[in-house]
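Trainee: Starting from these lines, generate the structure:
(one chain, ligands or ions: 1)
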Amino acid sequence: MPLLLPLLLLCVVLPARAESPSTFDGFGVHASRRQNDLERRFLALPSSSAYRAHLERITRDPHPSGSPANAAVAEYLAETMAAAGLRVETYEYDAWMPDYRPRITVALVRPIRLPLNTQEYILPEDPYSAHPDLTGGWNAYSASGDVTAGVVYVNYGRREDFQQLRELGVSLQGRIAVARYGGNYRGFKARYAEDAGAVGVIIYSDPANYGYRGGPVYPEGKQWSESTVQRGSIKTLPYDGDPLTPFVAALAGDTSGVQRLDPDQVGLPRIPVTPLAYGSATEILSRMTGAAVPADWQGGLPFAYRLEGGEALTVRLQVEQPHQLVRIVDVCGSVEGSQWPGQEVILGSHYDAWTFGAVDPNGGTAMLLTLAQSLGKLARKHPPRRSITICHWDAEEYGIIGSTEFVEQHAERLQASTVAYINADMAVAGPNPSGSASPTL
Ligand SMILES: [Zn+2]
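Mentor: Numbering: from 1, shown residues only. Sure thing, here's the model as predicted:
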């Protein structure tokens with residue numbers, strides 16, 4: 001738990017000097033001693049076995065936002081924090097969201113009929129890969145659609161890539177764009193392709209960027225295998241959160257009186273879009289026959305990349321991804337401050353995950369629960385002087401929805417009372433501690 005220590009120290013707001021535990025800047029001798037004593041008691045509380053138990057429990061099933069499995073995670077978060085002695089509150093919103101089980105097929109139609117794999121392989125080393133609820137790759141906020149068309153390779157699908165295609169005289173009109181991941185946010189690949197007249201978009205992970213070019217692939221190494229799919233949202237609206245309620249909380253329930261925009265008018269994608277692994281993308285890219293790509297557009301697959309598929313190559317892309325209002329739930333637990341209860345340190349992480357969420361985001365969720373238990377114990381005898389609140393946000397993966405709606409609902413209170421926010425998405429991941437700050441706050 002490399003990040004636990006700094007987070008704990010930040011929670012009590014005052015950084016300790018490692019070598020001279022008896023003094024703190026701005027503290028007298030007596031206050032320093034008391035602070036040292038508190039920190040020693042606090043640091044003795046969290047256990048790695050508790051962390052492990054939380055992480056295993058939370059990541060047992062795939063739990064995308066809107067799924068019953070995610071609701072079960074929310075319940076566990078609330079129960080665990082309540083049992084730890086925190087005052088738990090939940091905040092519910094109805095957000096315009098994709099169904100978490102879209103149906104997607106990608107197939108070659110010509111020159112041969114060939115359905116392409118859209119899901120990670122089942123590996124004997126990894127029992128999670130055989131979970132019955134594990135879906136294939138998908139992009140949140142893709143439109144539904146069924147298109148059969150020729151293909152154009154658009155490199156990373158950046159603005160300059162589409163500009164270059166125009167200069168080369170390659171039209172996207174009526175074609176399916178094939179873009180590789182990297183270089184920009186995936187939502188812009190889809191948006192620029194749609195603007196250029198494409199009828200569908202396939203975003204694949206090229207081994208030059210994600211796979212064997214970086215070393216052995218999973219499960220032998222950590223690089224992506226030929227079946228690894230990157231899931232992700234393609235929302236490109238000029239605001240975060242619920243697409244239908246910009247800057248206003250999407251409060252739950254029919255009687256909330258919230259004005260919602262027309263989903264057809266807000267600028268969500270209008271063409272089907274899907275991610276694909278490079279094992280499947282190979283079947284398309286290797287059959288393309290047009291002019292060779294510019295040198296820096298060549299990816300890591302073992303053949304020359306082409307700009308166009310040619311007349312003889314057609315691909316069918318079907319995406320059935322209904323959108324509807326979905327109930328989402330933020331779960332917060334607080335310990336009240338003894339001296340300045342109206343001042344609040346908030347810690348948070350989202351808890352919904354594309355699949356199991358072992359790292360993203362629940363490496364952070366498990367840390368926050370472990371922290372909640374330690375705080376609860378310590379606070380029985382030694383309440384913090386400021387209030388401390390731990391929040392678990394829902395529906396981050398589709399577009400930072402749960403936390404945005406919470407902020408929109410409580411903007412005034414947050415501006416008046418919050419002294420610090422520490423975000424802990426993926427707080428425990430990889431071998432090295434790291435952190436970053438937001439200067440605009
Ligand atoms: Zn995440």
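Trainee: which non-adjacent residue is nearest F24?
Mentor: S32 (4.9 Å; Cβ to Cβ, 6 or more residues apart in numbering). Every C-beta, even on glycine, is put in place using the N, C-alpha and C of the backbone.
Trainee: nope, A149 is what I meant
Mentor: I176 (4.9 Å).
Trainee: how far away is the residue nearest to F24 from D25?
Mentor: 10 Å (Cβ to Cβ, to the nearest Å).
Trainee: With H350 instead?
Mentor: According to Cβ to Cβ, H350 and D25 sit 34 Å apart.
Trainee: before we move on, what about A53?
Mentor: 38 Å.
Trainee: Then P102?
Mentor: Applying Cβ to Cβ to P102 and D25 gives a distance of 54 Å.
Trainee: Okay, and the residue nearest the centre of the chain sits in which element?
Mentor: Nearest residue to the geometric centre of the chain (Cα atoms, centre = their mean): E397, 3.8 Å. Assessed by DSSP states H and E, E397 sits outside every helix and strand.
Trainee: Which residues are in contact with it?
Mentor: Neighbouring residues of E397 by Cβ atoms under 8 Å, 6 or more residues apart in numbering: P64, S65, A140, R231, G232, S233, H350, D352, A353, W354.
Trainee: Go again with 7 Å.
Mentor: Listed by Cβ atoms under 7 Å, 6 or more residues apart in numbering, the contact set of E397 reads P64, S65, A140, S233, D352, A353, W354.
Trainee: same question, Y121
Mentor: S129, S227.
Trainee: Mind checking what secondary structure it has?
Mentor: Following DSSP: H, G, I helix; E, B strand; the rest coil, we place Y121 in the coil state.
Trainee: need the longest helix for the chain.
Mentor: Ranked by number of residues, the top helix in the chain under DSSP state H is helix 362-381.
Trainee: which helices and strands does it pack with?
Mentor: Here helix 362-381 touches helix 4-11, helix 29-43, helix 48-58, helix 68-83, strand 323-335, strand 340-350, strand 386-393, going by 3 or more Cβ pairs under 7 Å, 6 or more residues apart in numbering; DSSP states H and E.
Trainee: closest to the ion out of those?
Mentor: Closest to the ion of the helices and strands packed on helix 362-381, according to Cβ to the ion: strand 340-350, at 5.7 Å.
Trainee: Residue numbers of this protein in contact with the ion?
Mentor: Counting by Cβ under 5 Å from the ion, the positions of the chain adjacent to the ion are D360, P361.
Trainee: domain parsing for the chain?
Mentor: Annotated domains of the chain cover 49-96+326-423, 100-124+132-234+269-321 [automatic domain parsing].
Trainee: Determine how far the longest one lies from the middle of the whole chain.
Mentor: Read it as domain 100-124+132-234+269-321. 20 Å (Cα atoms, centre = their mean, to the nearest Å).
Trainee: can you pull the pLDDT of T440?
Mentor: On the pLDDT scale, T440 is placed at 70.
Trainee: tell me which element it is part of?
Mentor: Applying DSSP H and E, one finds T440 in no helix or strand.
Trainee: quick one on the thing from earlier: the more surrounded of P102 and D25?
Mentor: Legend: neighbour count by other Cβ atoms under 10 Å for P102 and D25, higher for P102 (21 against 8).
Trainee: State the distance from the more buried one to Y141.
Mentor: Taken as Cβ to Cβ, the span from P102 to Y141 is 10 Å.
Trainee: mind listing which of the contacts of E397 are in helices?
Mentor: Among those, no member is found in helices (DSSP H).
Trainee: now, among those residues, which is nearest to A250?
Mentor: Distance to A250 across these (Cβ to Cβ) is lowest for S65, with 13.3 Å.
Trainee: mind listing what V266 touches?
Mentor: Neighbours of V266 in contact, by Cβ under 7 Å, 6+ apart: L237, P243, L244.
Trainee: Now the buried members of the residues you listed.
Mentor: P243, L244 (16 or more other Cβ atoms under 10 Å).
Trainee: Run through the residues that contact V106.
Mentor: L116, T118, I202, T274, L276, S280, V315, L317.
Trainee: again, 10 Å this time
Mentor: For V106, the contacting residues are 114-118, 136-137, 176, 200, 202, 204, 272, 274-276, 280-281, 283-284, 315-319, by Cβ atoms under 10 Å, 6 or more residues apart in numbering.
Trainee: Low-confidence stretches in this protein?
Mentor: The chain contains residues with pLDDT under 70 at 1-22, 441.
Trainee: What distance do you get for the residue nearest to T418 when sequence neighbours are not counted to R413?
Mentor: Nearest residue to T418 in three dimensions, chain neighbours excluded: E344, at 5.3 Å (Cβ to Cβ, 6+ apart). Distance, E344 to R413, by Cβ to Cβ: 9 Å.
Trainee: For the two, indicate the residue with more neighbours.
Mentor: Ranked by neighbour count (other Cβ under 10 Å), E344 and R413 place E344 first, with 21 against 11.
Trainee: what's around M288, how many residues?
Mentor: 24.
Trainee: my bad, T23
Mentor: If you count neighbours by other Cβ under 10 Å, T23 ends up with 16.
Trainee: is it true that it touches H30?
Mentor: No - contact between T23 and H30 fails when scored by Cβ atoms under 10 Å: they sit 11.1 Å apart.
Trainee: Show me the strands in the stretch 51-200 of the chain, by range?
Mentor: 87-98, 103-110, 114-116, 139-140, 145-149, 151-153, 176-180, 200-204 (DSSP state E, counting those that start in this stretch).
Trainee: buried stuff in the longest one?
Mentor: If you call a residue buried by 16+ other Cβ under 10 Å, then strand 87-98 has these buried ones: V88, Y91, E92, Y93, D94, A95, W96, M97, P98.
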